[in-house]
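*Asks:* Okay, structure incoming, though there's no sequence with it:
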């Protein structure tokens, strides 16, 4: 009996000891893991940021462009080395780009608070510039100097661009966003080519403070104050300033731009009706032209400010009978002293268009065409003379099937100077003698017509193939014609940076073209 009792007690003690050891080995209860949850409030792709009530969506694209017959991937070939149409003109320009955008939204008692950020990371081939002595220099865009080898040139580092960075709350948009003046398709009614005239764009966004009122049934009204200095200044040209053709950033043969500090933002109003049938939009902008001084100091005086303005109508027609998804986009614009709302910042340099070509005139070396479109011009002691423009752009897009579509598009802009402006440029007799042109063209010039008015016409077609979702290959061909009003011959002083000699050139209309090939993967 004693033996049985001892065995039972010993077994119980052993079980207690083992149980205590196992209890000591049990893990402490872990905190709950916060898994990323889908946010269905704002459409597909949004997720809750863990631990918050804010939803976030990441997006972007990777794009590779090859642009044929130009030195720029975005402004075409109407100035500088691209317009020279010689050995300095690139047969191609190549750009690879990654875009990243971050969209956050939070529901509040005042409505949704949204932030949006979009940045691009690009590597782009650039241009060789002549030195006037048989040597050239290549300066890669976004280059940094090589630190250890002075003979190794520069190392291409690429560029970073901030497109959009804005907050939206209770009807307000604050920050860098597409201008409220722009049509919803901005510069692309049916194309990928950046350089269409006929409307404002600001594809890379403009700083603004905007309030948008929604009236229901797709009707809205936006009132905005936006920065003019980055994208909406076409030039306030001082005709008395010396001109040096061929210096980078200065191709204006009439004079040199003479802006003062920023004083007043552009004021924009936009009314939009967006419904199932399509869209109608009316836009208006007021633009202050604020000049520095006639000369180098305050003592030389200055012209008074002059307000310009721009108006635009846009129409989009959807679901037309030619096929599902087919669209017609149209817009027309008029400006007076606010040129960039027509000839937008990607449509050419601030100095204007300078294109070279051939000639049949005996004794002339080549031909040249000029098209200069500032906001205003002035002479010492005189007031600003505003430049008037009007234009149009539009496209028809046809879907052959879910994988293929083709568009036909066109654009046109007319630039007109008033009689006072023409007198300043062409002189009292209207032949260039005694006007600002005489400061630029040398002896031997023979102008049979001196008139700075001109127009730009563009027509193009684009075809896109989307073999799988979010992967698109496209080919976009654009023809451009510069129709200028000068005639005769000029003694052009030459431009070493693009290899043009000082010689007699015929003043003549010019034609050019570009082809954009693109592969893009959206994500």
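*Replies:* Cool, got the structure. Fair warning: this is a prediction, and the values are worked out from it, not measured in the lab.

*Asks:* Now that we're looking at residue 80, what pLDDT does it have?
*Replies:* At residue 80, the model reports a pLDDT of 87.

*Asks:* Over to residue 401?
*Replies:* For residue 401, the pLDDT comes out at 96.

*Asks:* That one: how many residues sit nearby?
*Replies:* The tally of other residues near residue 401 (other CB atoms under 10 Å) stands at 8. In this view, the C-beta of every residue, glycine as well, is placed from N, C-alpha and C.

*Asks:* Let me see the backbone angles for it.
*Replies:* The phi/psi pair for residue 401 (degrees, to the nearest 10) reads phi -160, psi -180.

*Asks:* ok, it to residue 465 distance?
*Replies:* Separation of residue 401 from residue 465 (CB to CB, to the nearest Å) stands at 10 Å.

*Asks:* go on, residue 103?
*Replies:* For residue 103, the distance to residue 465 - CB to CB - is 28 Å.

*Asks:* and these two? which has more neighbours close in?
*Replies:* Each of residue 103 and residue 465 has its neighbours counted (other CB under 10 Å); residue 103 has more, 19 against 13.

*Asks:* SS state for that one?
*Replies:* Using DSSP: H, G, I helix; E, B strand; the rest coil, the structure places residue 103 in strand.

*Asks:* list the contacts for it?
*Replies:* 46, 56, 57, 58, 59, 114, 115, 116 (CB atoms under 8 Å, 6 or more residues apart in numbering).

*Asks:* Put together a markdown table for those, with pLDDT on each row.
*Replies:* Formatted as a markdown table, those follow (pLDDT from 0 to 100):
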| residue | pLDDT |
| --- | --- |
| 46 | 97 |
| 56 | 98 |
| 57 | 98 |
| 58 | 97 |
| 59 | 97 |
| 114 | 98 |
| 115 | 98 |
| 116 | 98 |
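
*Asks:* Among the residues you listed, which are located in helices?
*Replies:* Among the contacts of residue 103, none falls in helices (DSSP state H).

*Asks:* Top of those residues by number of neighbours, please.
*Replies:* For the contacts of residue 103, counting by other CB under 10 Å, the largest number of neighbours falls to residue 116: 21 neighbours.

*Asks:* residues touching that one, list them.
*Replies:* Applying CB under 8 Å, 6+ apart, the residues near residue 116 are 101, 102, 103, 104, 164, 165, 166, 168, 177.

*Asks:* roughly how far apart are the first one and residue 311?
*Replies:* Taken as CB to CB, the spacing of residue 101 relative to residue 311 amounts to 31 Å.

*Asks:* circling back: relative to residue 325, which of the contacts of residue 103 is nearest.
*Replies:* The closest of those to residue 325 turns out to be residue 59 (CB to CB; 22.0 Å).

*Asks:* Give me the nearest residue to the closest one, chain neighbours excluded.
*Replies:* Excluding the flanking residues, the one nearest residue 59 by CB to CB, 6 or more residues apart in numbering is residue 101, at 5.0 Å.

*Asks:* What of residue 274?
*Replies:* The shortest distance from residue 274 to any non-neighbouring residue, by CB to CB, 6+ apart, is to residue 218 (4.2 Å).

*Asks:* Could you do residue 263 as well?
*Replies:* Among residues not flanking residue 263 along the chain, residue 290 sits closest, at 4.8 Å (CB to CB, 6+ apart).

*Asks:* Quick check: that neighbour touching residue 259?
*Replies:* Yes. Contact criterion CB atoms under 8 Å: residue 290 and residue 259 qualify, at 6.9 Å.

*Asks:* what touches both of those two?
*Replies:* With CB under 8 Å, 6+ apart, residue 290 and residue 259 have common neighbours residue 236.

*Asks:* Same drill for those two, tell me which one is more crowded.
*Replies:* Neighbour comparison, residue 290 and residue 259: the larger count goes to residue 290, with 20 against 16 (by other CB under 10 Å).

*Asks:* Do a quick rundown of the helices in the stretch 1-150 of the chain.
*Replies:* Per DSSP state H, counting those that start in this stretch, the stretch 1-150 of the chain carries helices over the ranges 2-25, 80-84.

*Asks:* Next: the stretch 301-450 of the chain.
*Replies:* 419-426.

*Asks:* Run a quick neighbour tally on residue 164.
*Replies:* Residue 164: 17 surrounding residues under other CB under 10 Å.

*Asks:* repeat for residue 161
*Replies:* Residue 161: 14 surrounding residues under other CB under 10 Å.

*Asks:* Residue 334: neighbouring residues, count only.
*Replies:* By other CB under 10 Å, the residues close to residue 334 number 16.

*Asks:* Could you check how far it is from residue 418?
*Replies:* When residue 334 is compared with residue 418 (using CB to CB), they lie 15 Å apart.

*Asks:* roughly how far out does stretch 454-468 sit from the chain middle?
*Replies:* With CA atoms, centre = their mean, to the nearest Å as the basis, stretch 454-468 stands 17 Å off its chain's centre.

*Asks:* State the mean pLDDT of that stretch.
*Replies:* Mean predicted confidence for stretch 454-468 is 97.

*Asks:* what does stretch 178-196 give?
*Replies:* The average pLDDT within stretch 178-196 is 95.

*Asks:* likewise stretch 377-396?
*Replies:* Computed over stretch 377-396, the average pLDDT equals 96.

*Asks:* For it, buried residues please.
*Replies:* 377-379, 384-396 (16 or more other CB atoms under 10 Å).

*Asks:* Greatest separation within those residues: which pair is it?
*Replies:* Among the buried residues of stretch 377-396, the pair separated by the greatest distance (CB to CB) is 379 and 396, at 45.5 Å.

*Asks:* Mind putting the contacts of residue 103 into a markdown table with distance to residue 360?
*Replies:* Formatted as a markdown table, the contacts of residue 103 follow (distance: CB to CB, whole Å):
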| residue | distance to residue 360 |
| --- | --- |
| 46 | 64 |
| 56 | 63 |
| 57 | 60 |
| 58 | 58 |
| 59 | 54 |
| 114 | 60 |
| 115 | 60 |
| 116 | 55 |
